[in-house]
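1. Can you look at this prediction? I've put the sequence above it.
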Amino acid sequence: MKTFILLLGAQKCGTSWLHEYLKQSPRFGQGFSKEYHIWDALDIGILHGNRVDPVTLDTLASDQKVKQSQRFRMQNEEGYYFDYFTSLFTEDVTITADITPSYSGLKAERLRSIKQKFAERGGGQTGSSDQGSFETDQEFGSLQPGPPALQGWDC
């Protein structure tokens, strides 16, 4: 089963730890970033600074230019965000994610829209706390438990 995780959170709430944990799995396709800042840049006024400025793309180093060009397309081309994440799935890669804590400021209608658009592409299950996306150890493969200080840690 394909699973896309759109992780909402708060700063300093363990999202980096979770990302590192997911990266241990051969089933996880991490893409080019942990935090993509697509929907917050478009929808949350105070975070419009996360929009990619096309004028500055040519001034970036080549590795940053590629990443920022991808983000620009996600922010400006209808469907590119969904196509990008769907393209990360393979026979072996069944989990991918956009772990951007500031998405916690998104409206419910935006979150429903994201979920619906992945479903339309056959992107499989979208992860959320009430769906139990990872119910079996099979999905995680050889992942190890988190550090004792973080096990059971709740924000």
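-> Arrived safely. Residues are numbered from 1 along each chain as shown.
2. Arg27 and Ala97 touch, don't they?
-> No. At 11.6 Å, Arg27 and Ala97 do not qualify as touching, with contact defined as Cβ atoms under 8 Å. In short, each C-beta sits where N, CA and C put it, glycine included.
3. got the contact list for the residue of the chain most remote from its centre?
-> Here the chain reaches farthest from its C-alpha mean at Thr59, the gap being 26.3 Å by Cα atoms, centre = their mean. Thr59 makes no contacts at all, as judged by Cβ atoms under 8 Å, 6 or more residues apart in numbering.
4. what's the spacing between the residue nearest to Asp58 when sequence neighbours are not counted and Leu88?
-> Leaving out its chain neighbours, the residue that sits closest to Asp58 by Cβ to Cβ, 6 or more residues apart in numbering is Lys65, at 7.6 Å. Using Cβ to Cβ, to the nearest Å, Lys65 is found at 21 Å from Leu88.
5. which one of these two has more residues nearby?
-> Leu88 (18 against 14; other Cβ atoms under 10 Å).
6. The more buried one is in contact with Thr96, isn't it?
-> Yes. Between Leu88 and Thr96 there is a contact under Cβ under 8 Å: 4.6 Å.
7. And for Asp53, the neighbour number?
-> Count around Asp53 with other Cβ under 10 Å applied: 10.
8. quick one, strands of the chain?
-> Assigned strands in the chain, in chain order: 3-7, 28-29, 95-99, 125-127 (criterion: DSSP state E).
9. Could I get the average pLDDT for the last one?
-> If I follow you right, that is strand 125-127. Averaging pLDDT along strand 125-127 gives 49.
10. Please report how far the closest residue to Asp83 other than its chain neighbours lies from Gly14.
-> Leaving out its chain neighbours, the residue that sits closest to Asp83 by Cβ to Cβ, 6+ apart is Arg121, at 7.6 Å. For Arg121, the distance to Gly14 (Cβ to Cβ) stands at 29 Å.
11. Show me the helices in this protein, by range?
-> 15-23, 39-43, 62-76, 80-87, 108-120, 137-140 (DSSP state H).
12. Relative to Gly31, which of those is closest?
-> Smallest distance to Gly31 across the helices of the chain (Cβ to Cβ): 7.0 Å, for helix 80-87.
13. and that closest one, which residues are buried?
-> By neighbour count with 16 or more other Cβ atoms under 10 Å, helix 80-87 contains the buried residues Tyr80, Tyr81, Phe82, Tyr84, Phe85, Thr86.
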